[in-house]
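Chemist: Okay, sequence plus prediction incoming.
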Amino acid sequence: MREAEIKRALANHLDCVRGSMPGMLLEELQLNGGEIRADVVDAYDLHCYEIKSEGDSLKRLLGQGSRYARVFDHVTLVTTERHLKKAMPMLPKWWGILLVPEDEHAVFRQVRVAKPNKGQEPEVLATLLKREECLSIMDSRGAARGWRSKSLYMLQERVADLLTLDELREVVRTYLLRRSEAPSTVMPHDLFSIAL
(Lines give C-alpha, C1' and ligand atoms only; values in the text may rest on other atoms or scores of the structure.)
Protein backbone atom coordinates (compact mmCIF):
# COMPACT_ATOMS: atom_id res chain seq x y z
CA MET A 1 0.00 0.00 0.00
CA ARG A 2 1.07 3.57 -0.66
CA GLU A 3 1.25 6.15 2.14
CA ALA A 4 -2.19 7.65 1.44
CA GLU A 5 -3.74 4.18 1.53
CA ILE A 6 -1.90 3.35 4.76
CA LYS A 7 -3.19 6.58 6.35
CA ARG A 8 -6.74 5.70 5.37
CA ALA A 9 -6.42 2.15 6.71
CA LEU A 10 -4.71 3.39 9.90
CA ALA A 11 -7.50 5.90 10.55
CA ASN A 12 -10.09 3.13 10.19
CA HIS A 13 -8.05 0.84 12.46
CA LEU A 14 -7.72 3.49 15.19
CA ASP A 15 -11.43 4.29 14.93
CA CYS A 16 -12.27 0.61 15.58
CA VAL A 17 -9.72 0.20 18.38
CA ARG A 18 -10.84 3.30 20.28
CA GLY A 19 -14.56 2.90 19.69
CA SER A 20 -16.32 5.97 21.04
CA MET A 21 -13.26 7.37 22.81
CA PRO A 22 -12.85 11.00 21.75
CA GLY A 23 -9.85 11.66 19.57
CA MET A 24 -8.73 13.51 16.49
CA LEU A 25 -6.15 12.60 13.89
CA LEU A 26 -4.01 15.35 12.37
CA GLU A 27 -1.75 14.90 9.39
CA GLU A 28 1.75 16.36 8.88
CA LEU A 29 1.96 18.13 12.25
CA GLN A 30 4.98 20.47 12.29
CA LEU A 31 7.64 20.34 15.02
CA ASN A 32 10.47 22.82 15.55
CA GLY A 33 9.04 25.41 13.17
CA GLY A 34 8.53 22.90 10.37
CA GLU A 35 11.99 21.32 10.62
CA ILE A 36 10.20 17.97 10.84
CA ARG A 37 6.62 16.83 10.34
CA ALA A 38 4.87 13.96 12.10
CA ASP A 39 2.91 11.81 9.63
CA VAL A 40 -0.19 11.26 11.78
CA VAL A 41 -0.85 12.46 15.33
CA ASP A 42 -3.74 11.56 17.57
CA ALA A 43 -4.23 14.90 19.31
CA TYR A 44 -6.22 13.35 22.15
CA ASP A 45 -3.34 11.31 23.53
CA LEU A 46 -0.36 12.98 21.78
CA HIS A 47 0.41 9.71 19.99
CA CYS A 48 2.55 10.03 16.86
CA TYR A 49 2.29 7.44 14.10
CA GLU A 50 5.33 7.42 11.80
CA ILE A 51 4.57 5.69 8.51
CA LYS A 52 7.19 3.86 6.48
CA SER A 53 5.56 2.38 3.39
CA GLU A 54 7.01 -0.29 1.14
CA GLY A 55 8.83 2.26 -1.03
CA ASP A 56 10.19 4.40 1.85
CA SER A 57 13.73 4.37 3.13
CA LEU A 58 14.57 3.98 6.84
CA LYS A 59 17.52 6.42 6.61
CA ARG A 60 15.73 9.26 8.43
CA LEU A 61 14.10 7.04 11.07
CA LEU A 62 16.76 7.54 13.76
CA GLY A 63 16.71 11.33 13.38
CA GLN A 64 12.91 11.43 13.37
CA GLY A 65 12.81 9.16 16.40
CA SER A 66 15.08 11.35 18.49
CA ARG A 67 12.92 14.40 17.73
CA TYR A 68 9.63 12.60 18.42
CA ALA A 69 11.06 11.42 21.75
CA ARG A 70 11.30 15.04 22.85
CA VAL A 71 7.62 15.77 22.10
CA PHE A 72 5.05 12.96 22.07
CA ASP A 73 3.55 10.85 24.86
CA HIS A 74 3.65 7.77 22.61
CA VAL A 75 5.16 6.93 19.23
CA THR A 76 4.30 4.01 16.95
CA LEU A 77 6.04 2.99 13.75
CA VAL A 78 3.54 1.89 11.11
CA THR A 79 5.44 -0.19 8.57
CA THR A 80 5.44 -3.13 6.20
CA GLU A 81 6.87 -6.62 6.56
CA ARG A 82 9.74 -5.54 4.27
CA HIS A 83 11.05 -3.01 6.83
CA LEU A 84 10.19 -4.83 10.05
CA LYS A 85 13.44 -6.73 10.72
CA LYS A 86 15.67 -3.78 9.89
CA ALA A 87 13.55 -1.25 11.82
CA MET A 88 13.14 -3.15 15.10
CA PRO A 89 16.73 -2.81 16.38
CA MET A 90 16.76 0.88 15.37
CA LEU A 91 13.77 1.81 17.54
CA PRO A 92 13.73 2.72 21.22
CA LYS A 93 12.06 0.01 23.32
CA TRP A 94 9.16 2.31 24.20
CA TRP A 95 8.05 2.74 20.57
CA GLY A 96 5.12 0.68 19.38
CA ILE A 97 5.10 -1.14 16.05
CA LEU A 98 2.07 -1.73 13.82
CA LEU A 99 2.45 -3.94 10.78
CA VAL A 100 0.59 -2.74 7.69
CA PRO A 101 -1.74 -5.35 6.21
CA GLU A 102 -1.28 -6.50 2.61
CA ASP A 103 -4.79 -5.29 1.76
CA GLU A 104 -6.28 -1.90 2.71
CA HIS A 105 -9.30 -3.59 4.33
CA ALA A 106 -7.33 -6.22 6.29
CA VAL A 107 -6.34 -5.89 9.95
CA PHE A 108 -3.14 -4.25 11.25
CA ARG A 109 -0.95 -6.52 13.37
CA GLN A 110 0.32 -5.07 16.65
CA VAL A 111 3.93 -6.21 16.89
CA ARG A 112 4.67 -4.07 19.95
CA VAL A 113 2.49 -1.74 22.04
CA ALA A 114 3.81 1.80 22.58
CA LYS A 115 4.85 2.59 26.15
CA PRO A 116 4.76 6.04 27.77
CA ASN A 117 7.62 8.31 26.74
CA LYS A 118 9.75 9.52 29.64
CA GLY A 119 12.00 11.83 27.63
CA GLN A 120 9.76 14.75 26.74
CA GLU A 121 11.36 18.19 26.77
CA PRO A 122 9.10 21.20 27.48
CA GLU A 123 10.93 23.55 25.11
CA VAL A 124 10.43 21.14 22.20
CA LEU A 125 6.86 20.22 23.12
CA ALA A 126 6.05 23.95 23.09
CA THR A 127 7.06 24.12 19.40
CA LEU A 128 3.66 22.59 18.59
CA LEU A 129 2.04 25.87 19.69
CA LYS A 130 1.24 28.74 17.33
CA ARG A 131 1.89 32.40 18.08
CA GLU A 132 -1.67 33.31 19.14
CA GLU A 133 -1.81 30.20 21.33
CA CYS A 134 1.41 31.16 23.12
CA LEU A 135 0.17 34.71 23.69
CA SER A 136 -3.16 33.42 25.01
CA ILE A 137 -1.34 31.20 27.52
CA MET A 138 0.90 34.08 28.57
CA ASP A 139 -2.12 36.40 28.91
CA SER A 140 -3.79 33.89 31.22
CA ARG A 141 -0.68 33.96 33.41
CA GLY A 142 -0.36 37.75 33.29
CA ALA A 143 2.99 37.30 31.55
CA ALA A 144 2.40 38.70 28.03
CA ARG A 145 3.51 42.28 28.64
CA GLY A 146 6.53 43.13 26.52
CA TRP A 147 6.35 39.85 24.60
CA ARG A 148 3.84 40.56 21.81
CA SER A 149 6.50 41.63 19.30
CA LYS A 150 8.86 38.74 20.07
CA SER A 151 9.49 35.87 17.64
CA LEU A 152 7.43 32.69 17.77
CA TYR A 153 10.51 30.79 18.93
CA MET A 154 10.94 33.13 21.90
CA LEU A 155 7.25 32.90 22.79
CA GLN A 156 7.36 29.11 22.73
CA GLU A 157 10.44 29.13 24.92
CA ARG A 158 8.73 31.49 27.39
CA VAL A 159 5.63 29.27 27.58
CA ALA A 160 7.85 26.25 28.25
CA ASP A 161 9.41 28.18 31.17
CA LEU A 162 6.05 29.30 32.58
CA LEU A 163 4.35 25.89 32.74
CA THR A 164 5.19 22.55 34.28
CA LEU A 165 5.56 19.66 31.83
CA ASP A 166 2.14 18.29 32.83
CA GLU A 167 0.49 21.71 32.38
CA LEU A 168 2.20 22.19 29.03
CA ARG A 169 1.18 18.72 27.82
CA GLU A 170 -2.46 19.48 28.70
CA VAL A 171 -2.39 22.92 27.05
CA VAL A 172 -0.82 21.54 23.86
CA ARG A 173 -3.42 18.75 23.75
CA THR A 174 -6.24 21.29 24.18
CA TYR A 175 -4.96 23.55 21.39
CA LEU A 176 -4.38 20.65 19.00
CA LEU A 177 -7.93 19.44 19.59
CA ARG A 178 -9.27 22.96 19.01
CA ARG A 179 -7.25 23.27 15.82
CA SER A 180 -8.50 19.94 14.59
CA GLU A 181 -12.07 21.27 14.71
CA ALA A 182 -11.22 23.65 11.85
CA PRO A 183 -11.99 21.92 8.52
CA SER A 184 -8.78 23.15 6.86
CA THR A 185 -6.53 21.32 9.34
CA VAL A 186 -8.20 17.92 9.10
CA MET A 187 -8.33 15.45 6.27
CA PRO A 188 -11.87 15.10 4.82
CA HIS A 189 -13.88 12.29 6.42
CA ASP A 190 -13.98 10.17 3.27
CA LEU A 191 -10.17 10.33 3.03
CA PHE A 192 -9.15 10.30 6.64
CA SER A 193 -11.39 8.88 9.37
CA ILE A 194 -11.92 10.85 12.55
CA ALA A 195 -13.03 9.31 15.82
CA LEU A 196 -15.16 11.67 17.86
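Modeler: On my side now, so go ahead.
Chemist: Return the residues in contact with Leu91.
Modeler: Leu61, Gly65, Leu77, Ile97 (CB atoms under 8 Å, 6 or more residues apart in numbering). For glycine as for every other residue, the C-beta is placed from the backbone atoms N, C-alpha and C.
Chemist: change it to 10 Å
Modeler: By CB atoms under 10 Å, 6 or more residues apart in numbering, the contact list for Leu91 reads Glu50, Leu61, Leu62, Gly65, Val75, Thr76, Leu77, Thr79, Ile97, Arg112.
Chemist: from these, which would you call buried?
Modeler: Using 16 or more other CB atoms under 10 Å as the burial test, the contacts of Leu91 include Glu50, Leu61, Gly65, Val75, Thr76, Leu77, Thr79, Ile97, Arg112 as buried.
Chemist: quick one on the thing from earlier: for the contacts of Leu91, work out which two are farthest apart.
Modeler: Greatest spatial distance in the contacts of Leu91: Leu62 and Arg112, 17.4 Å, computed using CB to CB.
Chemist: returning to what we had before: sitting in helices, which of the buried ones among the contacts of Leu91 do you find?
Modeler: In this view, the buried ones among the contacts of Leu91 that belong to helices under DSSP state H are Leu61, Gly65.
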